[in-house]
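S.K.: Build me a model:
(chains A and B, ligands or ions: 1)
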Amino acid sequence: MAKEIRIAIAGNPNSGKTTIFNNLTGARQKVGNWPGVTVEKKEGMTSYNGHAIRVVDLPGTYSLTAYSLEEIIARNYIIETQPDVVVDVIDASNLERNLYLATQLIDLGVKLVFALNMVDIARSRGLVTDHAKLSVLMGIPFVSTVGTRNLGTRDLLETIVRVAEDRESVSRHIHIDYGLELEEEIEKLQGLIRTHTSFPDKHHSRWMGIKLLENDEEVTKQIEKGPGKREVFDQLEKSKAHIHNIMGEESEALVADRRYGFIRGALKETFQQTRRDRRYLSDQVDMVLTNRLLGFPIFIFFIWAMFQLTFTLGQYPTDWIDAGVGLLGQFVGEVMGAGLLRDLIINGVISGVGGVVVFLPNIFILFFCIALFEDTGYMARAAFIMDKVMHTLGLHGKSFIPMIMGFGCNVPAIMATRVLESRRDRILTILINPLISCSARLPVYVLIAGALFGARAGNVIFSIYLIGVALAILMGQIFKRTLFRGEIAPFVLELPPYRMPTLKGTIIHMWDRGSIFIKRMGTVILVGSILIWALSSFPMAPNHSSDPGVEKQYAAQREEFQENTLLGRLGKAIGPVLRPLGFDWRESVALLTGFVAKEIVVSTFGVLYHVGENSGEESESLRSAIRSAMTPLIGYGFMVFVLVYTPCLATVAAIRRETGSWGWTGFSVGYSLTLAWILAFIIYRGGLILGLG
Amino acid sequence: MASRKLSDLRTGERGIIERVTGTGRFRQRLMEMGFVPGTEILVEKFAPLQDPIEYVLKGYHVSLRHVEAEKIVVRDPAQIGEG
Ligand SMILES: Nc1nc2c(ncn2[C@@H]2O[C@H](COP(=O)(O)OP(=O)(O)O)[C@@H](O)[C@H]2O)c(=O)[nH]1
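M.R.: A predicted model of the protein is given here:
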């Protein structure tokens, strides 16, 4: 067998990269992460004519500057691993802009194949490209593909192999001509980089020279670290000043301008638009969907439908899973002898894994809907409509989806921040998302408000939701002004044409995101659940027996036992911190267990007030116990505390996963605890002063 | 010499990009997306709340916020010039 061929797939977002990648690799792929970052890395294998081909999917980018993480990843992969061939997926119906990335790949000096995708759309729009001539002009083979119909895949593989083996006749290395003035300076820089620094390669040094003229931070840093930096930077200053002098324009703008100049030159003789200014179907659909009057109602309907599907339809499978997990626990309880191991398996492992699995229906339905929005092109329109509103909160139009999903569950909501391109927007949205009150917090409100506020419970609960939204807006403003100051990425949002999605494509997108949840969060939540189980089980209760008579007596002793467990002691230990809020040790323990999941707060109260852990939020005996233990003022403070502090372990895992940083995760937990404490303090102490206690 | 800000153009109006003001990342990103001098640009529509604004250039649709469109200088396509 011949040597393995390593290829990387580059391309603009929406060019059909995922589709082409799947066509090439089929099901043989694995999803991972790029080292050290949370951007997904997909890798797959295929073979053609006895050649094994390893395919790596690079992040979709418009360019290869050092401004965005995705772009740095893409270009560093190409520079560091030197793939045998880079396949650039180009949207034939949007040729000019898509070729911009291609010019930068040419600068990098890699062997290229262009997959000219979406030729079906281009053809229906009357766009005619002379591929053969363009291939020769650019020195790069073009292969026409229609990703959705798997057309051109064999041709693409054939061409890849030919280019990898240097058998392709049109392949030759061309230079983008940056014009006399720039070329002179590029040459000077290239010369100095080759002779004075540790980058002697001919193509690479030219690329670095161009990047320096573009003020590229990464390349500047690389030169700074090595020898010869003085010579290079001195020349760079002179070059930039010289260019500015004679051209009256910054060098970085000229570089971009020249690339488009090159593209225009290449397309002049090879590209034709046979029909002009026709209204496409896509534009007509858009006239309705982003209509001044209809746009918002339609958008709200779609979000409502997504919400309903995710949480109402998703409730059925969730209930089945819940029941299944319960049955499994029961079954294990019957077949295993009483003891520590049984306890660990039932209350630690099964309920821990169960806690992960119950999220699956919601998450997969949600991701299916989001994939549908993205694949049809509607997501960009949703951002277009909502941007004005979200921008006043310091967020991007696309942040709307994660925020609204938060009312259902913060875990998929935080995972939905993936739709945001800028890391700043993503982290800001992740930080304020938990303030949106998820459905798991509702039982706590129902219990407390139901017990303490009687007929006014509904309004009280509504006020808690409003406080959550107000806090999200407020914290968004504060974070925007403190943590995320500085240059904001421009909005510049592409509005791709509406496309008919394919079921396969949408399912693949859904699976890519959903499977990460299972893999990454599963372990964190499992470990956390076992930890909480251990804390609430040790030291062991006396008389641990399965005899029904003893069990009953044992139940009566549980409060004492609970008080003595590590968790109970921890609750007592943090008691002094929570005392100023009017909470006693029971509330402290309930809040501690609430870290795992908010609905557990209710069952913890059940245990601590001897009414049994199976009494729900509607239970009258539990309510009367709450009434005798809390004043309405304390109860209100408690609900606000529950609203604000970290929603659950799964959310923590999601934050860790999506920010890729323990720092931000810790910050999120820390700030929400602090904020919860301050608010509950103000409510309790303020209320006392006002005589509401 | 009728140079105007792109943000001043109304729905259906066209302009030829003369230059992009602003600095650094913002400016480079716009240029990468095709906002280079000599490019024809069409105002497709305003969002329901008037901001952002959708444009068509180089055969594709893109939207910019009003404050961003203010930084782009365009001239009337009827005027003679390159492009
Ligand atoms: N008509 C048509 N649609 C395509 C083609 N290739 C991909 N698509 C669709 O274009 C959309 C975006 O494709 P995707 O592969 O997700 O793009 P990516 O963002 O570059 O990964 C999806 O709805 C695809 O089904 C094609 O050749 N022709």
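S.K.: What does the pLDDT read for residue 12?
M.R.: All of this is about chain A. What the model reports for A:N12 is a pLDDT of 94.
S.K.: meant chain B actually
M.R.: pLDDT, B:G12: 92.
S.K.: any idea what it is structurally, helix, strand or coil?
M.R.: Three-state assignment for B:G12 (DSSP: H, G, I helix; E, B strand; the rest coil): coil.
S.K.: tell me the contacts of the nearest residue to it once chain neighbours are set aside?
M.R.: Leaving aside its sequence neighbours, B:G12 sits nearest to B:V43 (CB to CB, 6 or more residues apart in numbering or on different chains; 6.4 Å). From N, CA and C alone the C-beta is placed, and that goes for glycine too. Shown in contact with B:V43 (CB atoms under 8 Å, 6 or more residues apart in numbering or on different chains): B:L9, B:R10, B:T11, B:G12, B:E13, B:R14, B:I53, B:E54, B:Y55.
S.K.: rerun at 6 Å
M.R.: B:L9, B:T11, B:E13 (CB atoms under 6 Å, 6 or more residues apart in numbering or on different chains).
S.K.: now the residues you listed in TSV, with neighbour count and distance to B:L64?
M.R.: Listed next are these as TSV, based on neighbours: other CB atoms under 10 Å in any protein chain shown; distance: CB to CB, whole Å:
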residue	neighbour count	distance to B:L64
B:L9	19	12
B:T11	11	14
B:E13	15	15
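S.K.: Show me which of these is closest to A:L327.
M.R.: B:T11 (61.1 Å; CB to CB).
S.K.: For that closest one, grab phi and psi.
M.R.: Note on B:T11: backbone dihedrals following degrees, to the nearest 10 are phi -50, psi 130.
S.K.: Could you do the one 4 residues further on as well?
M.R.: Recorded main-chain torsions at B:G15 are phi -150, psi 160, according to degrees, to the nearest 10.
S.K.: Bridged to it, which residues?
M.R.: Following DSSP bridges, B:G15 is listed with bridge partners B:I41.
S.K.: Can you report how many residues lie near it?
M.R.: If you count neighbours by other CB atoms under 10 Å in any protein chain shown, B:G15 ends up with 25.
S.K.: For A:D84, grab phi and psi.
M.R.: phi -60, psi -40.
S.K.: can you check A:N14 too?
M.R.: phi 70, psi 10.
S.K.: Contacts only, for it.
M.R.: By CB under 6 Å, 6+ apart, the contact list for A:N14 reads A:P496.
S.K.: And for A:L435?
M.R.: A:G468, A:L471, A:A472.
S.K.: could I get those as JSON lines with neighbour count and secondary structure?
M.R.: Formatted as JSON lines, the contacts of A:L435 follow (neighbours: other CB atoms under 10 Å in any protein chain shown; DSSP: H, G, I helix; E, B strand; the rest coil):
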{"residue": "A:G468", "neighbour count": "22", "secondary structure": "helix"}
{"residue": "A:L471", "neighbour count": "19", "secondary structure": "helix"}
{"residue": "A:A472", "neighbour count": "22", "secondary structure": "helix"}
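S.K.: from those, which is closest to chain B?
M.R.: Relative to chain B, the closest of the contacts of A:L435 is A:A472; by CB to the nearest CB it sits at 20.1 Å.
S.K.: so the residue in chain B that the ligand sits nearest to bridges to which residues?
M.R.: Nearest residue of chain B to the ligand (CB to the nearest ligand atom) works out as B:Y60 at 13.8 Å. When bridges are called by DSSP bridges, B:Y60 pairs up with B:L57.
S.K.: Can you check the pLDDT for residue 30?
M.R.: With no chain named, the answer covers chain A. Looking at A:K30, its pLDDT is 71.
S.K.: wait, I meant chain B there
M.R.: On the pLDDT scale, B:L30 is placed at 92.
S.K.: Ok, A:L157 next?
M.R.: 96.
S.K.: now for the helix or strand containing it, which elements pack on it?
M.R.: Element membership for A:L157, per DSSP states H and E: helix A:153-164. Contacts defined by 3 or more CB pairs under 6 Å, 6 or more residues apart in numbering or on different chains; DSSP states H and E place helix A:153-164 against strand A:85-91, strand A:112-117, strand A:142-144.
S.K.: Please name whichever of the ones you listed is nearest to chain B.
M.R.: strand A:85-91 (8.5 Å).
S.K.: Quick one: mean pLDDT for the closest one?
M.R.: 97.
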